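Visitor: build me a model from this:
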Amino acid sequence: MEATKQKTHKKRQAGTKAIKKKKRDKKGKENEEAEDQRNSKAFTYRSAIRAARSKRSLGTLDINEKRNRLPQVDRTPIEPPPVLIAVVGPPKVGKTTLINGLVKHFTHHTVSKNQGPVTLVSGKKRRITFIECNNDINTMIDIAKVVDLVLLLVDASFGFEMDTFEFLNILQTHGFPRVMGVLTDMMKKNKNLRRLKKKLKQRFWTEIYQGAKLFYLSNIRHGQYMKNELHNLGRFISVTKFKPLDWQSSHPYLIADRMEDLTSPDSIKEDPLCNRTISLYGYVRGTSMKSSSYVHIPGCGDFKMANLSVLPDPYSLPEKEKKRSLDERETHLCSNGWHRRMQCTLN
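Guide: Below is the predicted model of the structure:
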């Protein structure tokens, strides 16, 4: 007796199960094709366009990560004091000429003699004080503690000198503020000018950090630097942002722009070595200063303040108006010899 043939199972061609099975089969074929095309030695993008986009996005993430800092308390008041910019460099490198050129660029006025700090209004929200740093170690230490921005002048025809490296070491011990390099005496007829610029730039980046700003002042005409070069340097000074340093944020300090001796002339005639009463004028920076506290004057010692008073600000920022630039009447300029904001009397 012959065995009867059983009816075979008929696969479903429609319905939910059939649709799911078709999707599974289709996905499996795609994975098999992808495995055949994939290079096992290089798991990266096959498209050059996607690779370039990924590189740009990763570079942006790296830059943002480098900018991350620990949160710091910014104790700068609503109307901050002028930004202190120190011009540092070896002797006969053009520090005074650079200050005079920048002052003329911002205010359109000429300063004949610089016997102290020069304060001016450079924009609607910023004031600047220029000060020249001498080449003795004590002045360098005092400037490094309080400065916001350093213009480091280097004679391009000679190169970096020992004074420059000493000042950079002093900056490292006091928080390292912003530093911009300025190369002077750049002769245009020099055949190796491009090679010289690259060599000095690499040496400057080694001492500061990769990408530090370095400006070139080609030559001097009629005792002044070129206007377009000063304009470029002044633009970067105006937009530079400063980070609060620990020492400056935790100590009140005053840059004395002017000193006045209040001692009676009769007392000086009777005893030339008598105790003097002097009055110092300047902007208070850092934290608030108490009237009964002791102050330290570098090179003189510790003294107790007899009085601390607030004076009208001669360099007030312009009023808030809908305009893009300053009027020439609002670019106040002062060399040494004018009243400042705070007055403290020492005995």
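
Visitor: helices along this protein, start to end?
Guide: Ranges of helices in the chain, per DSSP state H, are 16-37, 48-67, 95-107, 137-146, 162-173, 193-207, 227-239, 246-250, 265-270.

Visitor: export the ones you listed to a markdown table and append columns for mean pLDDT.
Guide: Shown next, in a markdown table, are the helices of the chain (pLDDT from 0 to 100):
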| stretch | mean pLDDT |
| --- | --- |
| helix 16-37 | 75 |
| helix 48-67 | 79 |
| helix 95-107 | 86 |
| helix 137-146 | 88 |
| helix 162-173 | 88 |
| helix 193-207 | 84 |
| helix 227-239 | 87 |
| helix 246-250 | 82 |
| helix 265-270 | 88 |
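
Visitor: can I get those in TSV including distance to Y216 and mean neighbour count?
Guide: Backbone N, C-alpha and C define where each C-beta goes, glycine included. Formatted as TSV, the helices of the chain follow (distance: least, C-beta to C-beta, whole Å; neighbours: other C-beta atoms under 10 Å):
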stretch	distance to Y216	mean neighbour count
helix 16-37	53	10
helix 48-67	26	10
helix 95-107	13	20
helix 137-146	24	18
helix 162-173	17	16
helix 193-207	7	14
helix 227-239	7	14
helix 246-250	30	15
helix 265-270	52	10
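
Visitor: out of those, which comes closest to S292?
Guide: helix 246-250 (19.3 Å; C-beta to C-beta).

Visitor: list the contacts of that closest one.
Guide: Helix 246-250 is contacted by residues 72-75, 145-146, 174-175, 285-287 when judged by C-beta atoms under 8 Å, 6 or more residues apart in numbering.

Visitor: so of those residues, which ones are in strands?
Guide: Counting by DSSP state E, those place R285 in strands.

Visitor: put the buried members of the contacts of helix 246-250 into a ChimeraX selection.
Guide: Command for ChimeraX that selects the buried part of the contacts of helix 246-250, burial taken from 16 or more other C-beta atoms under 10 Å:
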select :145,146,174,285,286
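
Visitor: possible to save the contacts of helix 246-250 as JSON lines with distance to K213?
Guide: JSON lines is the format used below for the contacts of helix 246-250 (distance: C-beta to C-beta, whole Å):
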{"residue": "Q72", "distance to K213": "23"}
{"residue": "V73", "distance to K213": "27"}
{"residue": "D74", "distance to K213": "23"}
{"residue": "R75", "distance to K213": "27"}
{"residue": "K145", "distance to K213": "23"}
{"residue": "V146", "distance to K213": "21"}
{"residue": "H174", "distance to K213": "20"}
{"residue": "G175", "distance to K213": "19"}
{"residue": "R285", "distance to K213": "24"}
{"residue": "G286", "distance to K213": "26"}
{"residue": "T287", "distance to K213": "30"}
